[in-house]
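> got a predicted structure plus its sequence, pasted below:
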Amino acid sequence: GGDRPASPDAPDAAASPGTPLETELQQQQVETATPPRTLLSELVEDLRALRRRADASAQEVGARIVALGTSPRPGVPVLTPVTRYRAMAQLMGVTADEQLTCGCHVHVAVESDEEGVGVLDRIRPWLAVLTALSTNSPFWNGADTGYAGYRTQVFQRFPTTGPTDRFGSAEAYHGLVTDLITTGALLDEGMIYFDARLSRSYPTVEVRVADVCLEPEDAVLVAALSRGLVGTAAARWRAGEAADDVPTALLRMASWRASRSGLTSELVHPVHRRAAPAAEVLHDLVEHVRPALAETGDEAWVERQVEAVLSRGTGADRQRRVAAASGGDLAAVVRDAVGVTVGEPAQAGAPAR
């Protein structure tokens, strides 16, 4: 579940035309899918409108929607009764039974599978920074996990999640996907849950590392930086520049570090591979993709939004502030998050937006 902003120039990521709201594995989840956009401002408005539409539908049955990576309060996931999800539940056991998490996936157009794999090989060191930027899941089953983005930890119970080795070619990528499916541990290619992958249905790279973001602008920041990363990587691939040989084990550590502390502490720096303050790493990501941001006209907007997030914190930071202000009342956390999700005024006593 969660938001799926289509990056500018990417084909519509919705399952079919005219269906921007989709069911997911659990009945408590809903997925929104934006159309392709060129302007970030239009993408922000798309997300706001989709969230309002989803909330209006939810209110028809006495519910509300909330853009959180995990539920702060305890809940029992209820499987959506379709054949594929039943098969997934039977195959994955408790991993599927407990899988009530919401992420933000971004599709960015590429010219070919070869270019797409060239991109995948070159963006891998930077993806954990997007995880840190989007962290919005500190609570699980009624308790603070100590993680800013616990969704990452829950989702990585699936066997095909996380960072990947460098592929080198589209043939190698598709060969690995075939081998993974042939093991019998997956239903189909739809269960290839790499941090970034080639889309099954569209000529896109799909970046999958972010929590669903509480603030729509944060989701669009993830989309803008994803487009910047893809554009930067594609240019380097076309120029024949080799992909960095960062060990996948180090990328797993970077992902864990980002999930653990978000932007509140240190991250693993994608270039010198040492701990560095999160703000420094985020600024270096912007520098890394700056030419691509300038080319698409996103540079000034991204710079402003990065500073806004560093100033007010991520969704995880807000959730914890509300919990502290309410004496640990996680119902208050949910009420506040509903207001932010659908653009209603902040609850009394909640942090100002």
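Thanks, I have the structure now. Numbering: from 1, shown residues only.
> any idea how far residue 151 lies from residue 278?
Distance of residue 151 to residue 278, given as Cβ to Cβ, to the nearest Å: 18 Å. (Each C-beta comes from the backbone N, C-alpha and C, glycine too.)
> of these two, who's got more company?
residue 151 (29 against 22; other Cβ atoms under 10 Å).
> check for me that that one belongs to a helix.
Yes - per DSSP: H, G, I helix; E, B strand; the rest coil, residue 151 lies within a helix segment.
> can you pull the contacts of it?
Contact analysis of residue 151 by Cβ atoms under 8 Å, 6 or more residues apart in numbering lists 69-70, 101-103, 136-137, 211, 259.
> try it again with 10 Å
Contact analysis of residue 151 by Cβ atoms under 10 Å, 6 or more residues apart in numbering lists 2, 68-70, 100-103, 131, 134-138, 140, 145, 210-212, 259.
> what's the answer for residue 203, then?
10-11, 107, 109-113, 115-116.
> PyMOL command to pick out the buried ones of those?
PyMOL command restricting the contacts of residue 203 to the buried ones, with burial defined by 16 or more other Cβ atoms under 10 Å:
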select buried, resi 10+107+109+110+113+115+116
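> among the contacts of residue 203, name the ones in strands.
With strands defined by DSSP state E, the entries of the contacts of residue 203 inside them are 107, 109.
> among the contacts of residue 203, show me the least confident.
On pLDDT alone, residue 11 ranks lowest of these, at 39.
> and the strands in the protein?
Using DSSP E, strands in the chain cover 2-4, 21-23, 30-33, 103-109, 139-140, 143-144, 196-198, 204-211, 266-268, 275-277.
> the fourth one packs against which elements?
Read that as strand 103-109. Contact partners of strand 103-109 among helices and strands, from 3 or more Cβ pairs under 10 Å, 6 or more residues apart in numbering; DSSP states H and E: strand 2-4, strand 30-33, helix 113-123, helix 127-134, helix 150-155, strand 196-198, strand 204-211, helix 216-238.
> cutoff 7 Å now
Counting contacts by 3 or more Cβ pairs under 7 Å, 6 or more residues apart in numbering; DSSP states H and E, strand 103-109 packs against strand 2-4, strand 204-211, helix 216-238.
> need the winner for burial among those.
Most buried of the helices and strands packed on strand 103-109 by mean neighbour count (mean count of other Cβ atoms under 10 Å) is strand 204-211; its value is a mean of 28.
> quick one: contacts for the closest residue to residue 342 other than its chain neighbours?
Counting by Cβ to Cβ, 6 or more residues apart in numbering, residue 342 lies nearest to residue 55, which is 4.7 Å off, once chain neighbours are set aside. Residue 55 makes contacts with 64-65, 342, as judged by Cβ atoms under 7 Å, 6 or more residues apart in numbering.
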